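# Need coordinates for the below:
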Amino acid sequence: MSALERLRGDALACHAAALAAIEPGRLVKLALADPGIREAVTRSPGGVHLLATGKAGAGLARAAAALLGGAVREALVVVPESCAPSDGVPGRLMLAGHPLPNDGSLAAGEAVLDLAARTDAHTPLVVLLSGGTSPLLLAPAPSVGVADLQAATRLLLDAGVDITGLNVFRKHCSRLLGGGLLRAARTASGVWTLVLSDVLGDDLSTIGSGLTVADPSTFADALAVIDHAGVRARVPPAVIRHLEAGARGEVPETVKQGDPLLARSHTRIIGNNQTAVDAAQHAAEALGYQTIVLPPITGDAAAAGRRIAGILRALPAGPPVAVIAGAEPTVQVIPGGRGGRAQHLALAASLALGDLQAVVLAAGTDGVDGPTDAAGAVVDGTLPARARALGIDLDAALARTDSHPVLDGLDALIRTGPTGTNVTDLVVTLRATC
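Here you go, the predicted structure:
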């Protein structure tokens, strides 16, 4: 086995360890083992209403139902169509669109509003919230149509708007997001939310677009997201009219700090990107690497890939080293480009590694990177020479934001399939002894 083959295998092992650490069933079991939480959600004579939503919804729901048993009176599970579980889930399963909302999202949004309205003063609502929730629960403001929201969301995604900005927009076009679920469940005895965070920094108002927490953003902020992306002229007029009316105070704002509804809302993070990073670090150390954990990687994906390669090249000679980080980079897709942010980062890194005995792995923890069948990629510095031998121009592919086909042709993709969890991306870079 060559040094690069060994590094590649070790990087994949670190990635696998990270995925095991954020398995949703494991995390919800740990949370519900807390006597305070378990007693709070099971002591009501009316039983429990359970809502599980997002890419990890199925696993979270199964684990919670197994632990809560007969206390669960009704359960609703909403997951992306791409994450349809092969095994059954407790209660009603609904499939919805991601990253663009669809008819399934509209049906799921109405079902959630109905469940919340039927949660009475004798019944707590337990919300199991995970990444990918925002487009799954479509409950448009009365003046905004479904097609309008779909078109606006696509424009913002294609413009490379990050998840924070995208969710500021979504919250101000929804009856559920931005604390809207608390308003819908105002008759519940309480709302308990267990969160598997897909947002770096764990901003509760951004995760799932803040279904059950206060929202610091405003209608004016939503308009600013559109303007910063440079797409206002192409956003459907009904969306702009709604947001402008909100900015003038003619439409109620999202739930804000001080709202009495928040006194009945209890929220806990049960897992996040740091959980995955810690697991990858421990796996690397067990494999004999000295480890360096970087701050989360954000910003342009190609620039991030080059920066990672530069860090590896600048390290002093010594024993094997692992440089690990969480990541949520962005890429502005050129029409016709195929790939995702992790693949784009990896491709840029491969062009900057040179002859360094090192590999760079970048992958989404949900198993899906952009609109592709890959979680990400693992690359090394030999990639450009192998590409040239096959007549593939990696620089041109990077410029076209078309990473997927070239990485596929060079056997560099990571394909896990949907993992049923999501805490954004992971970057694992390994350098051999030098």
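
# Would you state the helices of the stretch 301-434 of the chain in chain order?
301-314, 341-352, 383-389, 394-399, 403-409 (DSSP state H, counting those that start in this stretch).

# Who are the packing partners of the shortest one?
Spelled out, it's helix 394-399. Contacts defined by 3 or more CB pairs under 8 Å, 6 or more residues apart in numbering; DSSP states H and E place helix 394-399 against helix 341-352, helix 383-389, helix 403-409. Using the backbone N, CA and C atoms, a C-beta is placed for each residue, glycine as well.

# Of the ones you listed, flag the one that's most buried.
Among the helices and strands packed on helix 394-399, helix 341-352 has the highest mean neighbour count (mean count of other CB atoms under 10 Å), at a mean of 29.

# Adding distance to residue 204, write the helices and strands packed on helix 394-399 out as TSV.
Shown next, in TSV, are the helices and strands packed on helix 394-399 (distance: least, CB to CB, whole Å):
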stretch	distance to residue 204
helix 341-352	23
helix 383-389	40
helix 403-409	33
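
# ok so, going back, quick one: which of the helices of the stretch 301-434 of the chain is nearest residue 128?
For the helices of the stretch 301-434 of the chain, the distance to residue 128 is smallest for helix 341-352, at 25.8 Å, taking CB to CB.

# Output the longest strand belonging to this protein.
strand 72-80 (DSSP state E).

# Quick one: mean pLDDT for that strand?
For strand 72-80, mean pLDDT is 95.

# From the chain's centre, how far out is it? Work that out for me.
Averaged C-alpha coordinates place strand 72-80 at 20 Å from its chain's average position (CA atoms, centre = their mean, to the nearest Å).

# Check stretch 1-16 too.
25 Å.

# Then stretch 171-181?
Stretch 171-181 sits 18 Å away from the centroid of its parent chain (CA atoms, centre = their mean).

# Which positions within the worst-scoring helix or strand of the chain on mean pLDDT qualify as buried?
The weakest-scoring helix or strand in the chain, judged by mean pLDDT, DSSP states H and E, is helix 35-42 (a mean of 78). Neighbour counts over helix 35-42 (16 or more other CB atoms under 10 Å) mark 37, 40, 41, 42 as buried.

# Pick the one among those residues closest to residue 152.
Of all the buried residues of helix 35-42, residue 41 has the smallest distance to residue 152: 36.6 Å, by CB to CB.

# Which residues does the longest strand of the chain contact?
46-55, 57-58, 61, 64-65, 85, 89-98, 108, 111-112, 115, 118, 123, 132-133, 136-137, 418 (CB atoms under 8 Å, 6 or more residues apart in numbering).
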